[in-house]
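*Asks:* Fold the following.
(chains A and B)
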Amino acid sequence: MNHTKITSDGTTPVNRLAGVIGRLKPFILGTAGIVFLASCGTNSPQDTWKPKGPNAQKIDSLQKPVFAVAGIIGLIVAVAVTYSVIKFRDRGQPIPKQSHGNPALEITLTIIPALILAVVGVFTFRTVFDLNKTSDTQMIINVTGQQWWWEYDYPANNEYGITQPIITSGQLVIPVGTKVMLRETSRDVIHSYWIPALNGKRDAVPGRITINRLEADEPGIYAGQCTEFCGLSHANMRMEAVALSKEDFAKWVANQLKPYAAPAEGTLAKEGETVFLNQCTRCHQVNGLTRADGTPVIAAPDENVWSGAVPNLSHLMSRNTFAGAMFNLLTPECRKDVWKADSAAFGAKYLAGVSADCLNQSDLRGWLRNAPAKKPMYANPTQLAATGGKYRGMPNLGLSESDIEKLIAYLLTLK
Amino acid sequence: MFTPGSKYLIAITGLSAVSLALYMLLVHPSAIGAVALIGLLTATSLLTGITLFTRDGHASEGETSAATLDTPTSSMWPLVGAAGFTLLLVGTITTPIVFILGIVAMLAALIEWTVQAWSERGSGDIAYNASIRQRLLNPIEYPLLAAIGIAVIIFSFSRVMLAINKDAGALTFILAASAISLVGLLISVRPQLKKSIVLTIAVVAAVGLVGAGIASMGVGMRDELVVAGQEDHYAHKECGAERSEHFDKGVSKTISAKSGADATIELIDGKLTAHAQGIEGLQDSITVRRSNPINIIFRNKDAGEFRLSAYLGKTKVADGVSEDLVTCTQLLPQGGEQWLTFKIAKPSIAEGPYTLTIPGLEGQSIVVVVP
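*Replies:* Below is the predicted model of the structure:
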């Protein structure tokens, strides 16, 4: 009995498929080669295979053997299937004798995977419980996600010199060798916090507090990315964790607690302060900034922005990023200098902040000129009906080039 | 002349016309819904006309086996399907429940009519064809009808229980359970009891219960349940004399609520203490996020009734006039605990310090810091 279909040109479907594969061979091999070579890249700050802290190390210690076991099994299955497909392909031969019911074989093929999964399960549960341990926490940081940036606030912690709460955004600064607990939540939609080098991902859910632990072995900057789709600029919702030695962290804390220093009278920065007061303080808070009559300026993001919050710009130039860590405040050269610094020199370079020479003027000017053009946001004033007239990102303020010049001079004083 | 297809379309057209008349009369004569129903009526009228004119493509003259029925038996399912389709369309412009009823009716018609049409091709014997249909559908129909019957009984009984007072409710429950037990006992000791008597008892009981349920729905829930519903668990700001009688004082006992708590505040031995997750020991202040809902669990471990009061700054009530913004838990007895949710829009430097206090207990407060 012949079951093979013969097409009009006399070939079988299998032969035609083999022909198609043969013609595509260069393309397939080329693609595989590119994928292989891409895996050799070294400039990959979000590489999940390079743990830089004990929590990420625990995940790494689990995922490598699991990946190996799964890989070997996958390989065995792929080879067996490929062998069967080629060896027993339809050549017009009679259908072989069908056999059903081989209890010994079936029980063996059930028990072996069950045992493998049981072993993987034991180690997985152990790791999960280890990662959720919080009793030895040394520092707490509240992490709040909103479209499309992360806010960090540090409750008072005398052990680390945090005598008053600190609030910052874009870059999370932590001391090395310290068990830091992130208490995560969100002001609008679900986000997910993930610094691959320091731990796994954890969702930030509105109305709930979720716990995530970070600990870095060495000073440095560790990149991350929101990993829960959260709207238009999800891909631009980035974050960086900056690990400093304990001495450098103390310096960072001291700097964050420094009182506001108004620019000197008669300077461009002082004019910029006036522009900031008129244009930016509706949403952005700079702690210590006062009006001409001496009353403190209190921003009202809750009245203008859907999430109710925007980045607090106190000590802005002590950070390296802005706009949800999408853009760098440092020029590429200066940024590279900080990122590539060795452990001993890193702290000093990071704490130097952003100088006028190192300021990435291009992106900052572009942002001030027309923020929605730089980062997709629901910031069109004509399309705010769904949010009750509130923005979900920084709108185009229509600033003049002169105002932008003044603002940049002012922002550079916020160190 | 009237083929099943034309019957179906005539039914839809008729129901569309009725729906349009009712809608224009009861809702609005020129609303978008009326326009939609006019469109439906026009479309179905056109299709009905075409079907009648073409005699449904002479479908009845198609190929049929000699063993099958010459003409199909009468069926109510085209009508049910048409009614379902109309309900579905009306539901899109009125309420979701009508839409859902339309879907249910259409699905029922689709299944029943399909199986009926299939069974009628089984033989020329109507009884045999009906047995085929029953064999296939009865295992679905009986449990479904039983489930609907039970749901109606439970719903009716629950309406009665919500309408009468607590004591009468307990008595009614006992009497109903006793009556069911007695009837069950009677049937078990007198198995030769006439089927008609048992059926009469069951029908009278079911009709009585459904009638009582409808009457209870007309009367409405008893007053205390209406008041409890109006107390609004999550929006009350009852910081003065206690007014709430039915507020759920165990609301924070749910797992979901506890998992989202920013801090737990306890009153023990006249002292107010705070515990935030992850921070060792007790604190006299908590740091919370600006413009974000804050969840606090308050536990009263002291003798007497106390409430937790949160001062949240000032709120503008008129030009140049503002008053304190305060929210509270209820008065909680010893061992009671309650969830308090609030939001602070401004940092502490604006209107702070924000505090959590116990009215009547001087010198004890937890500072709420907003960076």
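
*Asks:* residue ranges for the helices of the stretch 101-250 of chain A, please.
*Replies:* Per DSSP state H, counting those that start in this stretch, the stretch 101-250 of chain A has helices spanning A:103-131, A:246-256. These are given in chain order.

*Asks:* Over to chain B?
*Replies:* B:4-26, B:32-58, B:77-93, B:96-119, B:126-163, B:166-189, B:195-219, B:223-230, B:255-259, B:348-351 (DSSP state H).

*Asks:* Determine which of those helices approaches A:P206 most closely.
*Replies:* helix B:255-259 (13.1 Å; CB to CB). In this view, the C-beta of every residue, glycine as well, is placed from N, C-alpha and C.

*Asks:* Pick the most deeply packed of the helices of the stretch 101-250 of chain A.
*Replies:* Highest mean neighbour count among those (mean count of other CB atoms under 10 Å in any protein chain shown): helix A:246-256, with a mean of 17.

*Asks:* Can you name the residues that contact the most centrally placed residue in chain A?
*Replies:* For chain A, the residue nearest the mean C-alpha position is A:Q225 (1.4 Å; CA atoms, centre = their mean). Counting by CB atoms under 8 Å, 6 or more residues apart in numbering or on different chains, A:Q225 makes contact with A:46, A:194, A:237-239.

*Asks:* got a pLDDT number for it?
*Replies:* What the model reports as pLDDT for A:Q225 is 94.

*Asks:* Quick check: bridge partners of it?
*Replies:* A:R238 (DSSP bridges).

*Asks:* Can you spell out the domain ranges of chain A, please?
*Replies:* Domain assignment for chain A by automatic domain parsing gives A:1-38, A:47-87+A:97-131, A:139-415.

*Asks:* does chain B sit close to the second one?
*Replies:* Going back to what we said before, that points to domain A:47-87+A:97-131. No. Judged by CB under 8 Å from any CB of the partner chain, domain A:47-87+A:97-131 stays clear of chain B, getting no closer than 14.5 Å.

*Asks:* what's the spacing between that domain and its chain's center?
*Replies:* 29 Å (CA atoms, centre = their mean, to the nearest Å).

*Asks:* how far does it stretch from start to finish?
*Replies:* Separation of the first and last residues of domain A:47-87+A:97-131 by CA to CA, to the nearest Å is 19 Å.

*Asks:* what mean pLDDT would you report for it?
*Replies:* If you average the pLDDT over domain A:47-87+A:97-131, you get 92.

*Asks:* still on that earlier bit, got CSV for the helices of chain B, with mean pLDDT too?
*Replies:* Output for the helices of chain B, formatted as CSV (pLDDT from 0 to 100):
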stretch, mean pLDDT
helix B:4-26, 84
helix B:32-58, 79
helix B:77-93, 92
helix B:96-119, 91
helix B:126-163, 93
helix B:166-189, 92
helix B:195-219, 93
helix B:223-230, 80
helix B:255-259, 59
helix B:348-351, 86
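
*Asks:* Could you export those helices as CSV, including mean neighbour count and distance to B:V288?
*Replies:* Listed next are the helices of chain B as CSV, based on neighbours: other CB atoms under 10 Å in any protein chain shown; distance: least, CB to CB, whole Å:
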stretch, mean neighbour count, distance to B:V288
helix B:4-26, 18, 51
helix B:32-58, 15, 47
helix B:77-93, 21, 45
helix B:96-119, 16, 39
helix B:126-163, 14, 40
helix B:166-189, 11, 41
helix B:195-219, 13, 45
helix B:223-230, 12, 30
helix B:255-259, 12, 17
helix B:348-351, 18, 10
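
*Asks:* So which of those helices is nearest chain A?
*Replies:* helix B:348-351 (4.2 Å; CB to the nearest CB).

*Asks:* picking up where we left off before, filter the contacts of A:Q225 down to the buried ones.
*Replies:* A:194, A:237-239 (16 or more other CB atoms under 10 Å in any protein chain shown).

*Asks:* I'd like those laid out as CSV, including pLDDT.
*Replies:* Listed next are those as CSV, based on pLDDT from 0 to 100:
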residue, pLDDT
A:W194, 97
A:M237, 95
A:R238, 95
A:M239, 94
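
*Asks:* Wait, A:K52 touches A:Y222, no?
*Replies:* Yes. In this structure, A:K52 is within contact of A:Y222 by CB atoms under 8 Å, at 6.2 Å.

*Asks:* Need the overlap of contacts for those two.
*Replies:* Common contact partners of A:K52 and A:Y222 (CB under 8 Å, 6+ apart): A:197-198, A:216.

*Asks:* Closest to chain B out of those residues?
*Replies:* Once CB to the nearest CB is applied, the member of the shared contacts of A:K52 and A:Y222 that ends up nearest chain B is A:L198, at 17.1 Å.

*Asks:* Counting neighbours, what do you get for the residue of chain B at minimum distance from chain A?
*Replies:* Proximity of chain B to chain A (CB to the nearest CB) peaks at B:S291, 2.9 Å away. Residues within reach of B:S291, counting by other CB atoms under 10 Å in any protein chain shown, total 22.

*Asks:* Count the residues that sit near the closest residue in space to it that isn't next to it in sequence.
*Replies:* Excluding the flanking residues, the one nearest B:S291 by CB to CB, 6 or more residues apart in numbering or on different chains is A:G308, at 2.9 Å. Neighbours of A:G308 under the rule other CB under 10 Å: 20.
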